[in-house]
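Asks: sequence below, structure please.
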Amino acid sequence: SVVTAFHSPSYRNSKVFLPKKSHEPNVRPEIFMSLSSSSSSSSSPEDNVDGNYSSAKFFRFLGRGENAIVRPGVVLIAPLHENSHFLMKSAVFIHAMGINEFDEYVIRGVIIDHPTPFTMTEMANLQGPLGDKLLYRGGEVGNDSAMMLHSIPGVSQSEEIGTSGVYEGGLQAASDMCGAGTISTDKFKFFFQFTEWTETQLENMLAEVDSDGDGWASVEVSSDLVLSCELDRSDAWSTLRNKIREM
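Replies: Residues are numbered from 1 along each chain as shown. Modelled structure (predicted):
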């Protein structure tokens, strides 16, 4: 694997990102697997919470527009007026916030409902059960690297993202466990590239609210939804937009 210059904060010790607020995050190295190689939460009204956190139906609304809370582990939902190629009708899981290789504070996420037609074996020659996993397009930033997310606590060399129940890393241990049949491959998902904003870019994006009050929204959802490999283009976006409308 290759180690990028990007560092993401330790969630437990970092500040929650709110627009127009400064941060002094602690950092740790972010690790990615090269595709070219062969092998808790902020207070929210209780009536905006659906299910308990471990439930597959868990849903918590965290605000819209400039009031949206953005931190590792949340999902950002695009408004109808978003017209960029990758972000239109997208649901973006925020997985890291920290200093990149240009000494800029950035926010990174992956689009959870943009599948490609390729498997990890086809794109990275990854062998074993995990090689059959479909590769999702996380965004348009990054080179020939993929990121593995999963919901298995205790996998060696992996770390939870916020308090989301989603973990990053631990490819070798995960491959061994899946090969031995001790865990299901359903708990794993691979992403090619990612989405990235600077603080200013994110602030400007969140500030874009149309005349109907529609803007980017922030939610917490179950790890099952984030890691689902049944999602087609914009499926999670549609589901979560409907959830918000039903509140």
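
Asks: what sits against the residue positioned nearest the centre of the chain?
Replies: Nearest to the geometric centre of the chain sits Phe93, at 2.6 Å (CA atoms, centre = their mean). Each residue near Phe93 by CB atoms under 8 Å, 6 or more residues apart in numbering is listed here: 73-75, 109-112, 149, 164, 166, 226. All C-beta atoms are positioned from the backbone trio N, CA, C, and that covers glycine.

Asks: pLDDT weak spots in the protein?
Replies: Filtered on pLDDT under 70, the chain yields the residue ranges 1-56.

Asks: need the strands for it, in chain order.
Replies: Under the criterion DSSP state E, the chain contains strands at 2-9, 27-34, 49-50, 59-64, 75-77, 91-99, 105-111, 115-119, 134-137, 141-150, 158-160, 167-169, 188-198, 217-221.

Asks: for the longest helix along the chain, name the packing helices and strands.
Replies: Ordering each helix of the chain by length in residues (DSSP state H) puts helix 235-245 first. Helices and strands touching helix 235-245, as assessed by 3 or more CB pairs under 8 Å, 6 or more residues apart in numbering; DSSP states H and E, comprise strand 59-64, strand 75-77, strand 91-99, strand 217-221.

Asks: can you redo these as TSV with distance to Gly128?
Replies: As requested, the helices and strands packed on helix 235-245 are arranged in TSV below (distance: least, CB to CB, whole Å):
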stretch	distance to Gly128
strand 59-64	34
strand 75-77	29
strand 91-99	24
strand 217-221	29
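
Asks: of those, give the one that comes closest to Asn204.
Replies: Among the helices and strands packed on helix 235-245, the nearest to Asn204 by CB to CB is strand 75-77 (13.9 Å).

Asks: give the other helices and strands that the closest one contacts.
Replies: Counting by 3+ CB pairs under 8 Å, 6+ apart, strand 75-77 packs on strand 91-99, strand 217-221, helix 235-245.
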